[in-house]
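**Q** how would this look folded up:
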Amino acid sequence: MTTKTETDARSPVIESRDQLIESFARGEKPAERWRIGTEHEKFVYALADRHAPSYDEPGGIRDLLADMERYGWRPVEETGPDGTNVIALDGADGSVSLEPAGQFELSGAPLADLHQTCGETGRHLEQVKAAGGRLGLGFLGMGMWPDKRRDELPVMPKGRYDIMRRHMPRVGTMGLDMMLRTCTIQVNLDYASEADMARKFRVGLALQPLATALFAASPFTEGRPNGMLSYRSHIWSDTDPQRTGMLPFVFEDGFGYDRYTDYALDVPMYFVHREGRYVDAAGLSFRDFLRGELPVLPGEKPTLDDWTDHLSTAFPEVRLKTFLEMRGADGGPWSRICALPALWVGLLYDGGALDAAWDMVKDWSLEGRQALRDGVPRLALDAPLPGGGKLRDIAGAVLDIASAGLAARARTDAAGSDESGFLDPLREIVRRGTVPAEVMLERYHGAWGGDVSRIYDEASF
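**A** Below is the predicted model of the structure:
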């Protein structure tokens, strides 16, 4: 999640709805300036006994952040009721931040090609592994903690998380699981125009279940199989229906910035950031805020920074800011961290590939798209396609489209290889016919003898 940092300049006050719509238009870029931003989270555990370390304990999360500073990362602080804490890091490779229970996230820099993206990922993982070696910490790449209860997990000292933890149980049964027990990989991509954004949004939403299936890696809860292949994805089905889901309106005629603005205005607020602290506005209306009628800040109107913060509190399968976020994948190993941006860059950054992908999904019904999304957490590649068949029936064809799109980009490394090789881990999943979670379950019922702790040996970075 976004880490709030203080700036010297006061953000402009919002005086009209047009400013909200213009905030999305400011993201438009010509194709030569399109970039790739990759975010990935991993679970941190103590090597000695595999507990999830707290922020304050010796060798815990605060010490991990401090150790990372040797690599040129600059600390980002937040002041709360208990004092000032380092809660993130900034650097040339983007930012390092903390999810609610200490999940360690790299929000990578906007980069020109996938070779740079995978290089950035490699640098980060080498740094955290070296820091972990000094502190006695390990890092697990999965979509959900395989063995931890909620009450075994720490909470990081970030003000927004306190507000979210209080609010989540009011609106769903699994919001705290989302916050405390999940990890994801995400890619952020640019658009050229409103029409380009809309087409990419539609293709991204329609095919997001394929990403969920290919990356499914959360089949265990508290040490036992949970009946799902991506329990992380299932968790979103009852986190908060007002800020999650497949957004059917995206497929309606005329969809654009104005319609997404309406959606975002209807998402209930979480907080307002003022003078270094988070003001609890959970469940209140941003529309009231625009009128200066927010009960917790009477008479005050929002700034553009407030709007940016608010946009980060909606959690649909694809999210619009000044870029598009693809949000459907479970956490996983280095190879799959590189594979997710390869999938979406291949599909969305070449005109021919985007057209081919849209032709594949354009006739899918609203009900069919939703049934696919609902089926994927449990069935993965066996989830039902709109119109008949299973998701596995199109998986190879989608990867072929993405591969052609990457080849057309012709972005090569020093050896002359283009970006399509980053799809190889996904091609292997389709060839094998089993997603990562199914492989884990086979191991659990076989070589592991029902001992889920064996996953630490096989899924750690």
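
**Q** pLDDT weak spots in this structure?
**A** Across the chain, the stretches falling below the confidence threshold (pLDDT under 70) are 1-9.

**Q** What residue in it is the furthest from its centre?
**A** Most distant residue from the mean C-alpha position of the chain: residue 299, 34.9 Å away (Cα atoms, centre = their mean).

**Q** Show me what counts as buried in stretch 40-54.
**A** Along stretch 40-54, these residues count as buried under the neighbour rule (16 or more other Cβ atoms under 10 Å): 40, 41, 42, 43, 44, 45, 46, 52, 53, 54. Every C-beta, even on glycine, is put in place using the N, C-alpha and C of the backbone.

**Q** One more: stretch 284-300?
**A** Neighbour counts over stretch 284-300 (16+ other Cβ under 10 Å) mark 284, 285, 286, 289, 290, 294, 297, 300 as buried.

**Q** Can you tell me how far the closest residue to the first one other than its chain neighbours is from residue 123?
**A** Spelled out, it's residue 284. In space, and not counting its chain neighbours, residue 284 is closest to residue 269: 4.8 Å by Cβ to Cβ, 6 or more residues apart in numbering. As judged by Cβ to Cβ, to the nearest Å, residue 269 and residue 123 stand 37 Å apart.

**Q** These two - which one has more neighbours?
**A** residue 269 (25 against 15; other Cβ atoms under 10 Å).

**Q** And what about that one, helix, strand or coil?
**A** Put simply, residue 269 is coil when judged by DSSP: H, G, I helix; E, B strand; the rest coil.

**Q** that older thread, format the buried residues of stretch 284-300 as TSV; extra columns: distance to residue 16.
**A** Shown next, in TSV, are the buried residues of stretch 284-300 (distance: Cβ to Cβ, whole Å):
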residue	distance to residue 16
284	21
285	18
286	14
289	14
290	9
294	18
297	19
300	17
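
**Q** Out of the residues you listed, which comes closest to residue 274?
**A** Closest approach to residue 274 among the buried residues of stretch 284-300 (Cβ to Cβ): residue 297, at 7.5 Å.

**Q** Checking the closest one next. Helix, strand or coil?
**A** Look at residue 297: counting by three-state DSSP, its state is coil.

**Q** pretty sure it is in contact with residue 275, am I right?
**A** No - the pair residue 297 / residue 275 is not scored as a contact, 11.6 Å apart, by Cβ atoms under 8 Å.

**Q** if I look at residue 132, how far off is residue 21?
**A** Residue 132 sits 45 Å away from residue 21, taking Cβ to Cβ as the criterion.

**Q** between those two, which one's more packed in?
**A** Taking other Cβ under 10 Å, residue 132 and residue 21 do not tie; residue 132 has more neighbours (22 against 16).

**Q** Just the element for that one, please.
**A** Here residue 132, judged by DSSP states H and E, is contained in helix 114-135.

**Q** for that helix, packing partners?
**A** Using 3 or more Cβ pairs under 8 Å, 6 or more residues apart in numbering; DSSP states H and E as the contact criterion, the elements in contact with helix 114-135 are strand 36-46, helix 61-68, strand 104-107, strand 137-140, helix 334-348.

**Q** Test my guess that the residue nearest to residue 284 contacts residue 309.
**A** No - taking contacts as Cβ under 8 Å, residue 269 lies outside contact range of residue 309: 9.2 Å.

**Q** those helices in the stretch 201-350 of the chain, which residues are they?
**A** Ranges of helices in the stretch 201-350 of the chain, per DSSP state H, counting those that start in this stretch, are 231-235, 257-266, 286-290, 304-311, 334-348.

**Q** mind checking which of those helices is nearest residue 434?
**A** The closest of these to residue 434 is helix 334-348. By Cβ to Cβ, the value is 14.4 Å.

**Q** Distance-wise, check residue 199 relative to residue 399.
**A** 20 Å.

**Q** the more surrounded of these two?
**A** Neighbour count, other Cβ under 10 Å: between residue 199 and residue 399, residue 399 has more, with 24 against 19.

**Q** got the contact list for the more buried one?
**A** 343, 423, 426, 427, 430 (Cβ atoms under 8 Å, 6 or more residues apart in numbering).

**Q** tell me the angle the helix or strand hosting it makes with helix 114-135.
**A** Assigned by DSSP H and E, residue 399 belongs to helix 392-409. Counting by axes from the mean of the first three to the mean of the last three Cα atoms, to 10 degrees, helix 392-409 points 110 degrees away from the direction of helix 114-135.

**Q** If you count neighbours, what's buried in helix 392-409?
**A** Quick answer for helix 392-409 (16+ other Cβ under 10 Å): 392, 394-395, 398-399, 401-406, 408-409.

**Q** Next secondary structure after it?
**A** Sequence-wise, the next helix or strand downstream of helix 392-409 (DSSP H and E) is helix 424-432.

**Q** Let's see the helix or strand following that next one as PDB, backbone CA atoms only.
**A** Using DSSP H and E, the helix or strand that follows helix 424-432 in sequence is helix 436-445. Output of helix 436-445 as PDB, limited to C-alpha atoms (Å, rounded to 0.1, in the frame of the first residue of the first chain):
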ATOM      1  CA  PRO A 436       2.000 -23.500  -8.300                       C
ATOM      2  CA  ALA A 437      -0.600 -24.200  -5.600                       C
ATOM      3  CA  GLU A 438      -1.400 -27.600  -7.100                       C
ATOM      4  CA  VAL A 439       2.300 -28.500  -7.000                       C
ATOM      5  CA  MET A 440       2.500 -27.500  -3.400                       C
ATOM      6  CA  LEU A 441      -0.500 -29.700  -2.500                       C
ATOM      7  CA  GLU A 442       1.000 -32.600  -4.300                       C
ATOM      8  CA  ARG A 443       4.200 -32.200  -2.200                       C
ATOM      9  CA  TYR A 444       2.100 -31.800   1.000                       C
ATOM     10  CA  HIS A 445       0.200 -35.000   0.400                       C
END
